[in-house]
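S.K.: give the three-dimensional model of this entry:
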Amino acid sequence: MGSLTSGTVYYMIKECIILAGGLGTRLRSAVPDLPKCMAPVAGKPFLAHVINYFREQGIEKFIFSLGYKSKVIQQFLDASYAGLSKQYVIEKEPLGTGGAIQLACRQATERHVLILNGDTMFSIQVSALAAFHLQHQAHCTLALKPMQRFDRYGVVEIADNGAITSFREKQFYENGLINGGIYALQVNTFLHEALPEKFSFEKDYLEKLYTARPMYGIVQDAYFIDIGIPEDFERANKELHARSNDVQTDGV
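M.R.: Numbering: from 1, shown residues only. All right, here's what the predicted structure looks like:
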């Protein structure tokens, strides 16, 4: 799982849960007939960009948490990722982000998993997140993105050692650290919390328990895009197309 060599923690998270069950109501004007994660971005469903990046980062096993139009996503994954180690967990009714993660965690085979959102690309270094998470024996570690002049997101504040000290509500901020929607999660401790079947991971787990549980944040100033609104969906098309061209040019 991990080892200590010359004071450095080496650890790799190999399994992830991708939350892909959202309705995507704010994106309906741009993508009316598809689940949000299946919105076409730079020539392929957005979900493909997420999968491809995190496979390159060392993720080997994928658990897809599905709900709205789950068959559309399953058909795409079965056809395009036939060799991928994957399983599907399908909500019979919306469970909230926390309920969806809880349901999927029951299928996890690793002690620690990476939690991703199927409508967000945050190009973090998984190895750095995993090492930090293990070093602090955290129940949950958040990947935090520095951002300037924004109002779509709340702010997460951390101490010098990375421990979370507060969650601040959405409003206009000149600058701050946002929750990038990627978490390293210790599966057993999470499943042993007295949590309901339906709940918000952010409100009912992170914000309620961060003062009583070891929860940390690690700052990664990497590429970030959330396609939840039409403007950012259009921006993702331009930026990810350019990034794909750059990769091809570099011969990677």
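S.K.: and the helix or strand hosting residue 188, which residues are buried?
M.R.: Using DSSP states H and E, residue 188 sits in helix 187-191. Within helix 187-191, the residues that qualify as buried are 187, 190, counting by 16 or more other C-beta atoms under 10 Å. For glycine as for every other residue, the C-beta is placed from the backbone atoms N, C-alpha and C.
S.K.: how far off centre is whichever helix or strand comes after it?
M.R.: Helices and strands here follow DSSP H and E; after helix 187-191, the next one along the chain is helix 207-209. Centroid separation between helix 207-209 and its chain, computed with C-alpha atoms, centre = their mean, to the nearest Å, is 19 Å.
S.K.: what's near enough to touch the residue lying closest to residue 105 once chain neighbours are set aside?
M.R.: With C-beta to C-beta, 6 or more residues apart in numbering as the criterion, residue 105 has its nearest non-adjacent residue at 5.1 Å, and that residue is residue 187. By C-beta atoms under 8 Å, 6 or more residues apart in numbering, residue 187 lies in contact with 105, 108, 110-113.
S.K.: turn these into CSV, columns for neighbour count.
M.R.: Shown next, in CSV, are these (neighbours: other C-beta atoms under 10 Å):
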residue, neighbour count
105, 20
108, 22
110, 14
111, 15
112, 23
113, 26
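S.K.: so which of these belong to strands?
M.R.: The strands, defined by DSSP state E, take in 112-113 from the contacts of residue 187.
S.K.: name the SS class of residue 88, please.
M.R.: Assigned with DSSP: H, G, I helix; E, B strand; the rest coil, residue 88 falls in the strand class.
S.K.: who does it bridge with?
M.R.: Following DSSP bridges, residue 88 is listed with bridge partners residue 64.
S.K.: list the contacts for residue 202?
M.R.: Contacts of residue 202 by C-beta under 8 Å, 6+ apart are 97-98, 179.
S.K.: what's the answer for residue 206, then?
M.R.: Residue 206 sits in contact with 140, 142, 164, 167, 179, 215, where contact means C-beta under 8 Å, 6+ apart.
S.K.: do the same with residue 184
M.R.: Contacts of residue 184 by C-beta under 8 Å, 6+ apart are 13, 112-115, 129-130, 133, 138, 140-141.
S.K.: just the strands in the stretch 151-252 of the chain please.
M.R.: 155-158, 164-168, 173-186, 215-219, 224-226 (DSSP state E, counting those that start in this stretch).
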